[in-house]
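> sharing a model prediction with you, sequence too.
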Amino acid sequence: MPESIMIGGRICNMSDSRNDHLDGARGSISIHFVHDALAGARRQGVDTAPLLAAAGIPPERLEAARARVSPRQYATLWRALADRMDDEFFGLDSHPMRRGSFRLMCHSVLTSRNLEQAMRRAMQVFAMVLDDTRPELVRFEDCAAVVLHDRHPAVPLFAHGTLLMILQGLACWLTDRRIALIGADLAQPEPIHGEEYRVLFGRETRFGRGRTVLRFDATALALAVVRRPADLRDFLQAAPANFLVRYRNPDSLAARIRHSLRRREPADWPDFDTLAKQFNASASTLRRRLDEEGQSYQGIKDALRRDMAIELLGQGDASVLEVAQRIGFAEASAFHRAFRKWTGASPASYRERAEAGPFDR
């Protein structure tokens with residue numbers, strides 16, 4: 001069983017890389033993040049078609065508002081963009097984050113005695129390689145925060161989100177803990193895919209706040225850095241793109257339900273009344289708590305099935321009917337209809353055409 005830590009009154013499980021593939025449900029990434037990642041390259045006149053092809057993302061998928069890609073596809077696109085632009089920050093800053101900067105940042109923090117020192121070192125690297133945004137670690141009595149300071153008001157939301165995602169994901173990896181977040185304020189207005197940011201940073205994520213602040217329990221800063229240089233190569237193979245799915249906020253009821261369901265085959269998923277008993281609550285109480293998080297049991301199951309289907313289709317060794325049956329559909333036609341509803345595309349179009357390579361190549 002993975003070790004746990006109590007942070008801010010929350011139980012946070014350690015990341016266990018052996019279970020990342022459990023039931024093929026590692027998560028998926030909104031097509032809006034693909035658009036955001038490509039925007040800087042397009043502003044610089046870069047032909048993005050070869051980059052999408054390298055990642056196995058069909059161009060027509062960009063036109064489907066509900067489309068999603070796998071972490072492997074997004075990691076490959078991230079690497080391809082960084083190679084083509086010599087910028088690991090996608091042209092989001094007026095100064096490029098040169099290729100290899102993230103790898104050097106990781107090396108610089110591995111010798112830190114605790115998370116606080118590691119985060120301050122990582123922020124020093126960002127201060128050296130970026131011009132438009134400077135992260136600062138602020139510590140209060142019982143709360144710590146990452147505050148982003150901008151030189152001008154036109155810094156895009158994706159730039160702030162990417163910075164926070166990297167710092168949060170790096171902190172989780174270094175300590176081998178899922179760091180519980182208290183909340184996030186984002187300076188920019190809420191986009192059409194604002195819910196994706198709430199999945200990343202929690203239900204208490206608010207937009208249009210004037211400045212960007214990510215808050216977490218200050219006791220986490222004392223956690224020891226347990227990673228060693230020997231761990232770095234495997235980490236860099238998919239980082240930092242995998243932070244979008246691997247270190248999502250685990251504290252909500254919906255997240256705990258997802259975790260419970262991932263341990264079982266879809267055919268064994270309980271009905272709602274049985275689920276409520278397993279969570280020591282009445283059905284009405286469980287439904288109310290999910291409503292407060294803007295979630296539903298059916299929506300959670302649909303999202304898990306969607307992500308499992310994307311993963312299985314990407315592996316390419318199972319037929320559409322076999323994938324349908326694996327995730328709980330008796331007929332391929334019903335799976336086709338559901339998958340198109342979830343993603344705006346057919347299952348066949350999601351079969352991947354390229355393998356991801358290491359981020360530090």
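Perfect, I can see it now.

> for the residue nearest to residue 102 when sequence neighbours are not counted, what are its contacts?
Spatial nearest neighbour of residue 102, chain neighbours left out: residue 88 (5.4 Å); criterion: Cβ to Cβ, 6 or more residues apart in numbering. The C-beta positions use only the backbone N, C-alpha and C, and glycine is treated the same way. Applying Cβ atoms under 8 Å, 6 or more residues apart in numbering, we find residue 88 in contact with 78, 82, 97, 98, 99, 101, 102.

> now with 7 Å?
Residues near residue 88 by Cβ atoms under 7 Å, 6 or more residues apart in numbering: 82, 97, 99, 101, 102.

> look up how far residue 176 lies from it.
As for residue 88, its distance to residue 176 is 24 Å (criterion: Cβ to Cβ, to the nearest Å).

> what does residue 284 give?
Distance of residue 284 to residue 176, given as Cβ to Cβ: 38 Å.

> neighbour count: the two, which is higher?
The neighbour comparison of residue 284 against residue 176 (other Cβ atoms under 10 Å) goes to residue 176, with 19 against 9.

> doesn't residue 226 make contact with that one?
Yes: judged on Cβ atoms under 7 Å, residue 176 makes contact with residue 226 at a distance of 5.2 Å.

> circling back: am I right that the residue nearest to residue 102 sits in a helix?
No: with DSSP: H, G, I helix; E, B strand; the rest coil as the criterion, residue 88 is located in coil rather than a helix.

> report the separation between it and residue 280.
Separation of residue 88 from residue 280 (Cβ to Cβ): 45 Å.

> all strands for the stretch 201-350 of the chain, in order.
Secondary structure of the stretch 201-350 of the chain (DSSP state E, counting those that start in this stretch): strands at 205-206, 212-217.

> so which other helices or strands are in contact with the shortest one?
Other elements packing on strand 205-206 under the criterion 3 or more Cβ pairs under 7 Å, 6 or more residues apart in numbering; DSSP states H and E are strand 181-185.

> ok and the strand it packs on relative to strand 212-217, angle-wise?
170 degrees (axes from the mean of the first three to the mean of the last three Cα atoms, to 10 degrees).

> run the chain-centre distance for strand 181-185.
15 Å (Cα atoms, centre = their mean, to the nearest Å).

> where do the strands sit along the stretch 1-150 of the chain?
Under DSSP E, counting those that start in this stretch, the stretch 1-150 of the chain gives strands at 4-7, 10-13, 29-30, 68-69, 133-139, 143-150.

> CA atoms only for the longest one - export them in CSV, please.
Translated: strand 143-150. These are the backbone C-alpha positions of strand 143-150, laid out as CSV (Å, rounded to 0.1, in the frame of the first residue of the first chain):
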residue,chain,number,x,y,z
CYS,A,143,-0.2,28.6,4.4
ALA,A,144,2.4,28.9,1.6
ALA,A,145,1.8,30.3,-1.8
VAL,A,146,3.4,30.5,-5.2
VAL,A,147,2.7,34.1,-6.5
LEU,A,148,3.4,35.0,-10.1
HIS,A,149,4.5,38.6,-10.8
ASP,A,150,4.1,39.8,-14.4
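
> each with direction, which strands does that strand pair with?
Sheet pairing here is set by DSSP bridges, and for strand 143-150 it gives strand 133-139 (antiparallel), strand 212-217 (antiparallel).

> same list (those strands) but as CSV, adding mean neighbour count and mean pLDDT.
Formatted as CSV, the strands paired with strand 143-150 follow (neighbours: other Cβ atoms under 10 Å; pLDDT from 0 to 100):
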stretch, mean neighbour count, mean pLDDT
strand 133-139, 16, 96
strand 212-217, 22, 94
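
> excluding chain neighbours, what is closest to residue 94?
residue 131 (5.0 Å).

> burial count for that neighbour?
That count, for residue 131 with other Cβ under 10 Å as the rule, works out to 13.

> distance check, it against residue 289.
The gap separating residue 131 from residue 289 is 44 Å, by Cβ to Cβ.

> break the protein into its domains for me.
4-246, 253-350 (automatic domain parsing).

> point out the most buried one among those domains.
The highest mean neighbour count among these, using mean count of other Cβ atoms under 10 Å, belongs to domain 4-246: a mean of 18.

> low-confidence bits of the stretch 251-361 of the chain, can you list those?
251, 293-294, 316, 350-361 (pLDDT under 70).

> all helices for it, in order.
Ranges of helices in the stretch 251-361 of the chain, per DSSP state H, counting those that start in this stretch, are 253-262, 272-278, 283-292, 297-315, 320-326, 332-343.

> could I get the ones you listed as a markdown table with distance to residue 39?
A markdown table is the format used below for the helices of the stretch 251-361 of the chain (distance: least, Cβ to Cβ, whole Å):
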| stretch | distance to residue 39 |
| --- | --- |
| helix 253-262 | 29 |
| helix 272-278 | 40 |
| helix 283-292 | 34 |
| helix 297-315 | 23 |
| helix 320-326 | 32 |
| helix 332-343 | 21 |
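
> ok, which of those helices comes nearest residue 154?
helix 332-343 (32.0 Å; Cβ to Cβ).

> same for the closest one, what does it pack against?
Using 3+ Cβ pairs under 7 Å, 6+ apart, helix 332-343 is in contact with helix 297-315, helix 320-326.

> next one: the last one to chain centre, how far?
Using Cα atoms, centre = their mean, we find the averaged C-alpha position of helix 320-326 to lie 26 Å away from the chain's own average C-alpha position.
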